[in-house]
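[1] Okay, here's the prediction I keep looking at, along with the sequence it came from:
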Amino acid sequence: MRRILARATADEDESNIDITPMLDVVFIMLIFFIVTATFVKEAGVDVERPEAVTAVMQAQANILVAIDSNNEIWIDRRRVDIRSVRPNIERLHAQNPKGSVVVQADRESKTDMLIQVVDAARAAGVAKVSIAAQEK
């Protein structure tokens, strides 16, 4: 009787499925998707962009620089000084060399500040610099 009972418990132990390798694969896939996902980056301030008839949606705008109505510059939700625009853009461009810079200037901001930001982006080595506008 004891032999039959021992054999029955041994059969139950052998019939269990080990799911540890499956969990390892699922966690590796989760890490892969988190690392390769692209997240929407925002400049950090709402800007009222001017309207333009020729405005075109850009596919890879990875570095967003905003200039608000008070001529304050925002990158990655942080207010930055005009002197630190170039190093910030260099750092962000090093993370994604194929990305471009889009400057979102408020319609009340000064053109001088816009030109300084575009110059800093080009001095940082970014070839694709665009100015954001709203479609009419």
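    Thanks, I have it. Residues are numbered from 1 along each chain as shown.
[2] Which residue, other than its chain neighbours, is closest to residue 88?
    Sequence neighbours aside, residue 75 is the residue nearest to residue 88 in space, at 5.0 Å (criterion: CB to CB, 6 or more residues apart in numbering). Quick note: C-beta positions are derived from backbone N, CA and C, even for glycine.
[3] Outline the domain layout of the chain.
    With domains defined by automatic domain parsing, the chain comprises 2-36, 51-135.
[4] Where is the longest helix in the protein?
    Using DSSP state H, we find that the single longest helix of the chain is helix 20-36.
[5] Could you list the buried residues of that one?
    By 16 or more other CB atoms under 10 Å, helix 20-36 has no buried positions at all.
[6] how about residue 71, what does it touch?
    Taking CB atoms under 8 Å, 6 or more residues apart in numbering, we find residue 71 in contact with 109-110, 113.
[7] what's the closest of those residues to residue 133?
    Proximity of those to residue 133 (CB to CB) peaks at residue 109, which lies at 13.2 Å.
[8] Show me what the residue nearest to the closest one when sequence neighbours are not counted bridges to in the sheet.
    Excluding its sequence neighbours, the residue lying closest to residue 109 (CB to CB, 6+ apart) is residue 67, at 4.5 Å. Beta-bridge pairing for residue 67 (DSSP bridges): residue 73, residue 105.
[9] Now do the same contact list for residue 67.
    47, 73-74, 103-106, 109, 113-114, 117.
[10] Thank you kindly, that will do.
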